[in-house]
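> sharing a model prediction with you, sequence too.
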Amino acid sequence: MRYRLTTASMALAAALLLALSVTSTASRLSYSAKEFRITWANLSFSAAEGGVSITCPVTLEGSFHERTFNKTRNASAARINRAIVGSCQEGNATILAETEPWEVTYQSFTGTLPTITGVRYALLNAAFQVEPGLGIICLARTSTEAPAAGEARRESGGRITSLTTDSSLAIPVTGNAECPRFGIFAGSGEVYVQGSSTTRVTLTLI
């Protein structure tokens with residue numbers, strides 16, 4: 001009996017050590033591709049206090065600085081090199097291309113190491129113009145103090161399938177007196193390797 005208990009204890013201790021080893025060494029994120037594309041069939045921008053929203057198809061194309069990097073909060077992880085807005089359902093939206101590229105920073109992860117379910121990123125210096133109609137022109141720009149953010153969802157196999165915006169973050173808006181003081185994003189986009197409509201970016205921890 002004592003032998004069996006000792007053997008069981010040793011096995012449990014070995015399992016715990018292995019788990020701790022995996023957790024402690026999973027300090028970096030590694031992506032299967034450096035370039036990515038995020039597409040929203042419907043991405044909405046509306047006044048934070050409520051009201052009419054401008055909803056448009058949006059595509060962001062970008063690249064990670066490195067395919068492997070440390071999980072360090074606020075570290076610059078990628079940049080958005082190109083943003084495209086299609087025909088909006090209500091009103092109009094225009095990207096201020098002269099502000100590109102936009103910066104993407106790592107914020108945190110969800111889930112428990114070594115199995116994480118998502119990664120949160122912030123988007124800085126993104127600037128755009130929205131026109132809800134009646135000659136109203138509003139400008140919005142994200143910053144370190146007021147970023148846009150979203151969570152990239154990760155499947156158990158490692159594939160990143162979507163990026164959902166954080167609708168709790170208010171983006172400062174300027175322009176006509178009729179413009180709201182703040183606006184919020186809402187929508188979930190599909191994430192692919194740039195140049196493909198079927199291949200997903202895969203994320204592993206190392």
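Yep, it's here.

> what's the spacing between the residue nearest the centre of the chain and Gly158?
If you average the C-alpha coordinates of the chain and look for the closest C-alpha using C-alpha atoms, centre = their mean, you land on Gly150, 3.7 Å from that point. Here the criterion is C-beta to C-beta, to the nearest Å. By it, Gly150 lies 19 Å from Gly158. In this view, the C-beta of every residue, glycine as well, is placed from N, C-alpha and C.

> picking up where we left off before, and the residue nearest to the centre of the chain, helix, strand or coil?
Put simply, Gly150 is strand when judged by DSSP: H, G, I helix; E, B strand; the rest coil.

> and Leu98, its phi and psi?
For the record, residue 98 is Glu, not Leu. Summarising the backbone geometry of Glu98 under the convention degrees, to the nearest 10, its torsions are phi -70, psi -10.

> neighbours of it, how many?
Glu98 sits with 6 neighbouring residues when counted by other C-beta atoms under 10 Å.

> quick check: it vs Asn125, distance?
Between Glu98 and Asn125 the computed distance is 11 Å (C-beta to C-beta).

> residues touching the nearest residue to Gly135 once chain neighbours are set aside, list them.
When the adjacent residues along the chain are set aside, Gly135 lies closest to Asn176, with 7.7 Å between them (C-beta to C-beta, 6 or more residues apart in numbering). With contacts taken as C-beta atoms under 8 Å, 6 or more residues apart in numbering, Asn176 has the following neighbours: 135-138.

> nothing else from me, thank you.
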